[in-house]
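Enquirer: okay, sequence plus prediction incoming.
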There are 4 protein chains.
Amino acid sequence: MTTTERPQSPEDDAVRPMRKDAARNRVLLIAAGREVFAKRGLDASLDDIARQAGVGIGTAYRHFGNKFALAEAIMHEAVDGVVSAADRALDNDDPWAGLVGFLEAVLEVQTADRGLREVLMGVHEAKSDAVQERLLGRVERLLDRARRAGVVRLDAAASDLGAVISMLCLVADLGGDEAPDLWRRYVPTLLSALRPDGPPLPGRPLTDDEMHQAMIRLHGLRSARPLPD
Amino acid sequence: MTTTERPQSPEDDAVRPMRKDAARNRVLLIAAGREVFAKRGLDASLDDIARQAGVGIGTAYRHFGNKFALAEAIMHEAVDGVVSAADRALDNDDPWAGLVGFLEAVLEVQTADRGLREVLMGVHEAKSDAVQERLLGRVERLLDRARRAGVVRLDAAASDLGAVISMLCLVADLGGDEAPDLWRRYVPTLLSALRPDGPPLPGRPLTDDEMHQAMIRLHGLRSARPLPD
Amino acid sequence: MTTTERPQSPEDDAVRPMRKDAARNRVLLIAAGREVFAKRGLDASLDDIARQAGVGIGTAYRHFGNKFALAEAIMHEAVDGVVSAADRALDNDDPWAGLVGFLEAVLEVQTADRGLREVLMGVHEAKSDAVQERLLGRVERLLDRARRAGVVRLDAAASDLGAVISMLCLVADLGGDEAPDLWRRYVPTLLSALRPDGPPLPGRPLTDDEMHQAMIRLHGLRSARPLPD
Amino acid sequence: MTTTERPQSPEDDAVRPMRKDAARNRVLLIAAGREVFAKRGLDASLDDIARQAGVGIGTAYRHFGNKFALAEAIMHEAVDGVVSAADRALDNDDPWAGLVGFLEAVLEVQTADRGLREVLMGVHEAKSDAVQERLLGRVERLLDRARRAGVVRLDAAASDLGAVISMLCLVADLGGDEAPDLWRRYVPTLLSALRPDGPPLPGRPLTDDEMHQAMIRLHGLRSARPLPD
DNA sequence: TATGAATGAGAGTTCATTCAT
DNA sequence: AATGAATGAACTCTCATTCAT
C-alpha cells in the first residue's frame, strides 16, 4: 500500500530510498563484525563492533538482536560464497575438474578475507541447518557425478570431502598471512584420498548427520546460557 | 625451594606434610579445569572450576595466579604426554615405525581424554616456548633419523609433520565420541605426504618459527584485556 | 566441623565471627532497599541500593541474586513482624481484644516504618506462599476463637479480615506522615463489618485461594521478563 | 488552532480531513495504552503500545510527547467518566440516593474496564490539579446537599468520602475478574461511616489539600529521572 | 595455607526519545 | 502528519581478582 503513494521514479531500484541508511549500517556492521571477531575472537563485545562500524550500540541491536545473530549473518554471507562456488562447479563439464575447482574456490574464498576465515574457524553457527540444506545437496551431486565418471572412488562419502576441506582450512589458518598458499601444499595428497586407485580408506566415514553435528559442536557459537529467544 | 623456610616440625620425614594437601589440590584443580573447560569452553568461570575441584576460589588463585596459568598447566601436562611419546619413538629401532608410532601416540593421548582434546583444540598456550624447546628437538631428531634411513623424503620439514598432526587432531575432534577412530581413516593418506616416493610437495613448508607463531596464533589463550601479569 | 577448631569464646553468639561482615552487609542492604524502594519505587536500580548501603554491587548480588530476592527478603522481614503480632494476639485471653489488637499491631508495624509501608503497598512478593503458610493458619485460628465466643459473625471469612486490613493499609498510606493515625478513623466502622449484630454482609467473600491470588496480582513484583532462575 | 494555517483544499467541508486520521490515532493510542499498561504494568514500552495501536512510534510522540503524557490522557478520560457521574448524581432529587449512586457509578466505571482500573490503581497522575478542580467542587456540593438534608453527619468531610471510594476501589481490584462485585460487600459498612446516627468518627479527616497531596503521592506516575519537560 | 566475601569493570540488552525521510 | 531507524544512558548480572579472616 505504501508503494502507490510514493512518487514514481524512473528506476526500479529506488523503491525503498528510506532504507539507504539502514542498508549501509547493516553492511558496516557485518564488516566490522568480521574484523573485530577476527582480531579479538568471538568474545569481542558488540560495543566494540558497533564502535568500529561507527554506529550506536542500539543500531547494532536493531539490526541483529544479539551477538549470535550477527555471527549468523556473517556466516550466511560466507555460505553464500561457497554455495555459488558449488554451483559453478556443477556447471563444469569435467566432474573431477569441477570437484577440484570447488575445493579450491572454497579455500580461496576463505583466504581472500582473513577476517572471514578466522571468524569461521574460531566460531559459529548453530542454526546451520540452513548450511546443511543449501550445501549438502550440491556436494552430493558433485560427488555423484564424479563417482559415476569413475574419477572418485565409490566409497568416498560427502563427509570425506568435508573432512578434506576442513583440514585444508586448518592449514590455511596455519599459514596465515605469511604463507597464504600453504594449504595448496597438501591438496594433492588429500585429494588422493578420494581417487579410485590406491588402497581403500580404512574405517568408515561420518554420516551426513554426524558431520552436521560435528560442525555444530566444533564451530558452534557457544553461549553459556541459551540466548533469550 | 620454599620448603627450606618452613618452621621445623617434630618429625623429619614429615617435613612437608602440608605439601601433600597442596599437591592434591593442584591435581584436583587441573582435573576440574579439564572437565569444566571441556564442557563449557574457556569462558567457564574459575569459580565453577574451584567448586568442581572442591576447593575455595582463593586456593585456586594461590596455585595458579590466574585463569591463564591454569590453562597453561593443563597444556603443560598434555605436552608431557607428547614428549614422552617422542622419547619412546626415539627408542624404536625402526625410524619409520617410530615416526608412525609417535603420530599415533599423540592422537591417542588426545582421544583418550576428551576433556584434554577439547581444551587443547579450543584454547591455549601463549608461553609455548616450553613446547618449542621440549618438543621440537625431539621431532627434528625423529625426522632426521627417518630421512637418513630413506623412509622420509628429504624435503619434508618438521612443520610438515606438525601440519599432518594438526589435521589429524582436527579430524579426531570431528569424530568426537561417536567415531573416536575417525582420524585413523586419513593416516595413510597423510603419511604418504612424507614418503620419499611420489611427487614432491608443492610450495614450501613453514619454518619452525612460523609454525611456532601459527600455533600460538591459532591456539593461544585469548583474553580480551591483556591479563595483568 | 569448623566450629571445633576455632578458639572457644565465652559467648555462644560468636559462633561465626567470619560472618560478621556478611551479616552487617545483609542488614545494610535490606535497610537500603527499604529506603530506596520507598523513595523511588520498585524500579530503583540495585546499583542505587548498593551505593546507599555502602557496598559494592557485586556484594548485593552475592547476597540476593537479583532484585526480586532482595524485595522478597524485605517482605519476609515484614511478615515476621506480622506473624509475631498474630502470635501475641493468640495469647490474649479475650478473643475480640486479640483480634482488634492484631489488626492494630499490623497497622502499627507498617506505620512505624514508612519505608516498609510504601514498599509493601507499591510492590511485591511472588513467592508469597510462605506468607500464606505462615500467616493464614494463625488468622483462621484467631477468627475461629472469636466466632465460637460469639464476638464475630459466623459468615465472616478470613478474607474479610484481610480486606479490612488492606483497606486500612491504604488509608494509612493516604495519611502519610501528616496524619499517621488516619487509619484509626475507620477502624470502628470497618470492625463493625465483622460483628455478629447488624445485617449480614452482602455477596460472598473471596476464598482463601482467591485472596492469595489477589495479593499476588496486586502486590506481586512485576518483572517484564521472568527473571532468570 | 493549527487548522487555520493549512493549505486550502478544494472543498470547504473537507477542511480538516487529516484531523480525522489524527483523532483516530489518538483514540487508538489511548485504547492501546489502557490495554498494554493493564497487561504489563506501567513499565511497558511505548513501542509496544504503538505497535498495539498500529501506528508508528513517532506518531505516538507527536500525540503525547512522552509516556507520562499518554498516562495523563488515559487518566483524563477516566476522570471524565467520574465527573459526569457526579453531574448525574447532582440531578438526583434525593441527596442520599444521589450520593450512593455517585459512589456506585465511580466503582462501576472502574470495574467495567479492567484496563482502566489497573492503570488507575497502579499509576499516575501528577498534574491532578485538573482532577481537583473538576471533581472537588461537585463532591462538596453533593455532600452539602446531603448534610443539609440530614442524611449525612455534619462532620463527614469530602476526604472521608474520598477515603471510602479509595477503599472500595482497592477491594474492587482485590476482587478482580473472579469477583467483580466484591466491592459491594463493603458498601453498607463503609457508608455507615457517613451516616448521622452512630458514634462520631474518631480523629480528624484529611483536609482537601492533604487528600490532594496524598492522591498524588499514592498514584503519581513515578519516573526515576524527572522526565525532561 | 585455605577460604569465600567483597569488589567493580564490563558485557548484553532495553527503551525513551530524536530526527531524517 | 506519519514513519521507523538511530541513539546512548541505564539496567541487570557475571566473573576475574583481591583481601580479611
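Expert: Great, that's in hand.
Enquirer: in chain A, which ranges drop under the pLDDT threshold?
Expert: Counting by pLDDT under 70, the low-confidence segments of chain A come to A:1-19, A:118-132, A:216-229.
Enquirer: tell me the domain ranges of it?
Expert: Following automatic domain parsing, chain A resolves into domains at A:18-65, A:69-223.
Enquirer: columns mean neighbour count and distance to residue B:23 on top of those, output as JSON lines?
Expert: C-beta coordinates here come from the backbone N, C-alpha and C atoms, glycine included. As requested, those are exported to JSON lines (neighbours: other C-beta atoms under 10 Å in any protein chain shown; distance: least, C-beta to C-beta, whole Å):
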{"stretch": "domain A:18-65", "mean neighbour count": "17", "distance to residue B:23": "33"}
{"stretch": "domain A:69-223", "mean neighbour count": "18", "distance to residue B:23": "33"}
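Enquirer: and the residue of chain A closest to chain D?
Expert: Of all residues in chain A, the one sitting closest to chain D is residue A:62 (11.2 Å; C-beta to the nearest C-beta).
Enquirer: and stretch A:41-50, how far apart are its ends?
Expert: From its first residue to its last, stretch A:41-50 covers 15 Å (C-alpha to C-alpha, to the nearest Å).
Enquirer: my bad, stretch A:148-162
Expert: 19 Å.
Enquirer: by contact count, what packs against the lengthiest helix in chain A?
Expert: If you go by DSSP state H, chain A has its longest helix at helix A:67-91. Secondary-structure packing of helix A:67-91 (3 or more C-beta pairs under 8 Å, 6 or more residues apart in numbering or on different chains; DSSP states H and E): helix A:19-40, helix A:46-53, helix A:57-64, helix A:95-112, helix A:114-122, helix A:129-148.
Enquirer: from residue A:143, how far off is the closest residue to residue A:98 other than its chain neighbours?
Expert: In space, residue A:98 comes closest to residue A:92 once its chain neighbours are excluded; the distance is 3.5 Å by C-beta to C-beta, 6 or more residues apart in numbering or on different chains. From residue A:92 across to residue A:143, the span is 14 Å (C-beta to C-beta, to the nearest Å).
Enquirer: common neighbours of those two, please.
Expert: Applying C-beta atoms under 8 Å, 6 or more residues apart in numbering or on different chains, one finds that no residue jointly contacts residue A:92 and residue A:143.
Enquirer: of all the domains of chain A, which one is nearest DNA strand F?
Expert: domain A:18-65 (2.0 Å; C-beta to the nearest atom of the strand).
Enquirer: quick one: closest of the helices and strands packed on helix A:67-91 to residue D:156.
Expert: helix A:57-64 (55.2 Å; C-beta to C-beta).
Enquirer: and the closest one with DNA strand E, contact?
Expert: Yes - using C-beta under 7 Å from any atom of the strand, helix A:57-64 reaches DNA strand E at A:57-58, A:61-62.
Enquirer: let me know the angle separating that helix from helix A:46-53.
Expert: Computed by axes from the mean of the first three to the mean of the last three C-alpha atoms, to 10 degrees, the angle separating helix A:57-64 from helix A:46-53 equals 100 degrees.
Enquirer: how much does helix A:57-64 deviate in direction from helix A:19-40?
Expert: Per the same axes, to 10 degrees, the angle that helix A:57-64 makes with helix A:19-40 is 100 degrees.
Enquirer: how much space between residue A:105 and residue A:68?
Expert: 28 Å.
Enquirer: then residue A:50?
Expert: 15 Å.
Enquirer: same check, this time on residue A:59
Expert: To residue A:68, residue A:59 is 17 Å away according to C-beta to C-beta.
Enquirer: could you say which helix or strand contains the nearest residue to residue A:199 once chain neighbours are set aside?
Expert: Nearest-residue entry for residue A:199: residue B:188, 6.9 Å, with adjacent residues in sequence omitted and distances by C-beta to C-beta, 6+ apart. Assigned by DSSP states H and E, residue B:188 belongs to helix B:187-191.
Enquirer: what helices or strands is that helix leaning on?
Expert: On a contact count with 3+ C-beta pairs under 8 Å, 6+ apart, helix B:187-191 meets helix A:187-191, helix B:95-112, helix B:158-175.
Enquirer: could you dump these into TSV with distance to DNA strand F added?
Expert: Conversion of those to TSV gives the following (distance: least, C-beta to the nearest atom of the strand, whole Å):
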stretch	distance to DNA strand F
helix A:187-191	38
helix B:95-112	24
helix B:158-175	23
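Enquirer: out of these, which comes closest to residue D:202?
Expert: The nearest among these, by C-beta to C-beta, is helix B:158-175 at 81.0 Å.
Enquirer: show me what from chain A comes close to DNA strand F.
Expert: Near DNA strand F, when you scan chain A using C-beta under 7 Å from any atom of the strand, you find A:18-19, A:21-22, A:24-25, A:55-59, A:61-63, A:224.
Enquirer: which one of those is nearest to residue B:163?
Expert: residue A:224 (33.0 Å).
Enquirer: closest one to residue B:115 among the helices and strands packed on helix A:67-91?
Expert: It is, among the helices and strands packed on helix A:67-91 and with distance given as C-beta to C-beta, helix A:114-122, at 20.0 Å.
Enquirer: please consider this matter closed, and thank you.
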